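[1] coords please:
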Amino acid sequence: MVLYDRLVGFFRPLIRFFFPCRLVNCPAVLPETGIIVCPNHISFFDPLFLAISLPRKLTFMAKEELFHKPIVGKWMKGCGVIPLSRDGGDAAKLRRAVRELKAGKIMTIFPQGTRCRHPLNKEEFKAGAGLMAALSGAKILPVGIFTKKYKVRLFRRTYIHFGELLSLSAAEELSKKEKSLAITEQIYENVAALEGAAREQALK
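    Okay, the predicted model is just below:
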């Protein structure tokens, strides 16, 4: 979308100057297939960091209440962000996300669901990304993000480690719910390893 490209172009030099990132294994090219980007979530800046770093347009999912904020809501609508409600009535949104993945788009999903300023905890990982992967067959790009004290600050470097593009699956005899949970566990293991590597580099 035009607005997405304009915002990324506007924010890229500003973010890189004021909030520097150390990117590790960031792909220069991504295949034109459905991909789910799965990072841990430590700050409001995480979507911006990913958008200015990855070579393809990202589609995000965000809490519906953010769309009610005058400026932010307008930007999110213009960039094709998919709203999610807290009441659990998101079946139509899930179907839309799966259709977009099957059409070859990239969805970015934060499995923790909200910002968490502490080391990863498996219990915090929700099964949404695993379910979408099970339904769409999309590949997973795990990402680990870390900065000191888990707080992004002016001129404090953030470390972002990208994993390999993965084709995750679960045994065919499992139910849809069991498959999504099994894939979610694989996602957690990969993101946790990357977040640990980013933390280790940051604290050297």
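
[2] residue 198: what's it in contact with?
    24, 144-146, 159-161 (Cβ atoms under 8 Å, 6 or more residues apart in numbering). Every C-beta, even on glycine, is put in place using the N, C-alpha and C of the backbone.

[3] contacts only, for the residue lying closest to residue 138 once chain neighbours are set aside.
    Leaving aside its chain neighbours, residue 138 sits nearest to residue 34 (3.7 Å; criterion: Cβ to Cβ, 6 or more residues apart in numbering). Residues in contact with residue 34 (Cβ under 8 Å, 6+ apart) are 100-107, 136-139.

[4] likewise for residue 45?
    Per Cβ under 8 Å, 6+ apart, neighbours of residue 45: 15, 19, 152, 158.

[5] helix or strand: which one has the first one?
    When you say that, I think you mean residue 15. Secondary structure from DSSP states H and E places residue 15 in helix 2-18.

[6] could you flag which of the contacts of residue 45 are buried?
    Buried by 16 or more other Cβ atoms under 10 Å: 15, 19, 152, 158, out of these.

[7] mind naming the longest strand for this structure?
    In the chain, with assignment by DSSP state E, the single longest strand is strand 139-146.

[8] ok, residue 175 to residue 202 distance?
    Distance, residue 175 to residue 202, using Cβ to Cβ, to the nearest Å: 40 Å.

[9] need the contacts of residue 45 in a markdown table (columns: distance to residue 132 and pLDDT).
    Output for those, formatted as a markdown table (distance: Cβ to Cβ, whole Å; pLDDT from 0 to 100):
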| residue | distance to residue 132 | pLDDT |
| --- | --- | --- |
| 15 | 27 | 95 |
| 19 | 29 | 97 |
| 152 | 27 | 96 |
| 158 | 26 | 98 |
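
[10] nearest to residue 44, out of the residues you listed: which one, please.
    residue 152 (7.8 Å; Cβ to Cβ).

[11] point out where this protein drops to low pLDDT.
    Regions of the chain meeting the criterion pLDDT under 70 cover residues 1, 85-90.
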